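>>> prediction below, plus the sequence it came from.
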Amino acid sequence: MATLKPFRALRPKPAEAPKVAAVPYDVVSADEARALADGNPLSFLRVSRPELELPAGADPYAASVYQRAADNFAALRAQALVLEDEPSVYFYRLRMGQHTQLGLTACFSLDEYDRDIIKKHERTRRDKEDDRTRHMVALGAQTGPVFLTYRAHADIDRVASTATTAAPLYDFAAPDGVQHTVWRIGGRDRDALVSAFRSIPALYIADGHHRAASAARARTELKGSEEARTMLAVAFPHDQVQILAYNRTVKDLGGLQPVDFLEAIRARFEMEAGPAVPRRRGDIAMYFQGAWHTVRRVDREASDPIGSLDVSVLQEHLLAPVLKIADVRTDKRIDFVAGARGTAELQRLVDSGKAAVAFSLYPVSVSDLMGVADAGGIMPPKSTWFEPKLRDGLLIHVL
């Protein structure tokens, strides 16, 4: 069963929270981070992406970069952060348009991560693990939470419904329009939540596999630190989590003529004129030569939790055999576009000549993700895009 551990959060003073809070380090490039932090000395991007303060082209993995992160963190801590007097947990609500989700921020056991009580569905890259491990050790802190989900539980929902009627610690709109609201939870409600989580049989990493893996590695380097045996995360009930599509563009047709490309698709799929956004699972929308088409594989194996995913069907029956893209993680001809950017972005990329063809996918469901993780499987690369995103720097776990 899952263990929920309250912690003494290092956090911004309420008036400074909107300036400190930043997008996750891994959703922006160095140039984008530089633009977002421009004119804001308190931006947490100066800690999570300190290379933005260095000349363009500087090695982001140089030892001096991690020292810059530690120095910036110390300066920010002195100027704008406070450390809680006692361990607490926090409800963290995200509101984007009509969508709202309420998660619980706390520390979670890395021993349970090792034992797959906290379940994974993605492989991680060693170089990205190396980076965040060095970052955590340099700072002596976990600064960006892992995004977890769990099957909704009535006792947790009951505490949430009453605890969030109080005045929040933070309540602000980020520049992208997402509203971030945080409540500090102590006393009986905190203890009730700790008790309720003992009834949760499994947690699932939705987003943040590299953060989790890096926390597990930092634990080894920070021997003797009890805090390093846990990781910072926000856990959301499954019925509130929103997964958007993770779409694809391909730069060229791999030497095929357009007529041969279409013929190869018709040999493998049903194909008809269709909308830019797939109507249902099983439909894949393709934008090619100025028009949207629906392609559909009729002989898919529904009992295979991984092979039946649209992203798997696209890869195994079109991208690999037709366009010769064997590994989407390494092939430079394929790019990925988050569903939040809409299908107009796919059209723009194709119409501008930056891509030859684009594919819009029906989103993977939370039940798909849980089913794959429960079976010990690995989701295909770039299967899911979670939106809205948690902000770095709002609640920090000191190791």
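Thanks, I have it.
>>> and the spatially closest residue to Val357 that is not a sequence neighbour, what is it in contact with?
Leaving aside its sequence neighbours, Val357 sits nearest to Phe288 (Cβ to Cβ, 6 or more residues apart in numbering; 4.8 Å). Where you see a C-beta, it was placed from the backbone N, CA and C, and this is true even at glycine. Neighbouring residues of Phe288 by Cβ atoms under 8 Å, 6 or more residues apart in numbering: 258, 261-262, 350, 356-358.
>>> Leu54 now?
65, 68.
>>> ditto for the one 5 residues further on
The contact partners of Asp59, by Cβ under 8 Å, 6+ apart, come to Val65.
>>> follow-up on the earlier one: got TSV for the contacts of Phe288, with pLDDT, distance to Ala17 and secondary structure too?
Listed next are the contacts of Phe288 as TSV, based on pLDDT from 0 to 100; distance: Cβ to Cβ, whole Å; DSSP: H, G, I helix; E, B strand; the rest coil:
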residue	pLDDT	distance to Ala17	secondary structure
Pro258	97	52	helix
Phe261	97	51	helix
Leu262	97	53	helix
Val350	98	40	helix
Ala356	97	44	coil
Val357	98	43	strand
Ala358	98	38	strand
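>>> need the contact list for the residue nearest the centre of the chain.
Central residue of the chain (Cα atoms, centre = their mean): Asp207, 3.4 Å from the mean position. Contacts for Asp207 were tallied using Cβ under 8 Å, 6+ apart; they are 146-147, 384, 386, 389.
>>> what is the nearest of these to Asn247?
Ranked by distance to Asn247 (Cβ to Cβ), the contacts of Asp207 are led by Thr384 at 11.8 Å.
>>> just checking, that closest one touches Val366?
No - in this structure Thr384 lies outside contact range of Val366 using Cβ atoms under 8 Å: 9.3 Å.
>>> hey, what's in contact with both of the two?
Joint contacts of Thr384 and Val366 (Cβ under 8 Å, 6+ apart) are 206, 243.
>>> for the longest strand seen in the chain, packing partners?
In the chain, assigned by DSSP state E, the strand with the most residues is strand 99-109. Judged by 3 or more Cβ pairs under 8 Å, 6 or more residues apart in numbering; DSSP states H and E, strand 99-109 is in contact with strand 4-5, strand 89-96, strand 146-150, helix 154-163, strand 230-237.
>>> next, count neighbours for Ala273.
Per other Cβ atoms under 10 Å, the neighbour tally for Ala273 reads 8.
>>> for it, name its beta-bridge partners.
His293 (DSSP bridges).
>>> wait, what's in contact with it?
Ala273 touches 291-294, counting by Cβ under 8 Å, 6+ apart.
>>> filter these to the buried ones?
292-294 (16 or more other Cβ atoms under 10 Å).
>>> nearest residue to Leu222 in space, please, no chain neighbours.
Nearest residue to Leu222, sequence neighbours excluded (Cβ to Cβ, 6+ apart): Ala228, at 4.1 Å.
>>> can you count the residues close to the one you found?
22.
>>> now the one 5 residues further on
When counting by other Cβ under 10 Å, one arrives at 29 neighbours for Ala233.
>>> could you give the number of residues near His336?
Heads up, residue 336 is Phe, not His. 12.
>>> which of the three states applies to it?
strand (DSSP: H, G, I helix; E, B strand; the rest coil).
>>> show me what it is bridged to.
Here Phe336 sits in beta bridges with Arg248, going by DSSP bridges.
>>> now do it against Val328, distance only.
8 Å (Cβ to Cβ, to the nearest Å).
>>> need the overlap of contacts for the two.
Common neighbours of Phe336 and Val328 (Cβ under 8 Å, 6+ apart) are 248, 382.
>>> distance of the residue nearest to Val357 from Ser360?
Taking Cβ to Cβ as the measure, Phe288 and Ser360 are separated by 12 Å.
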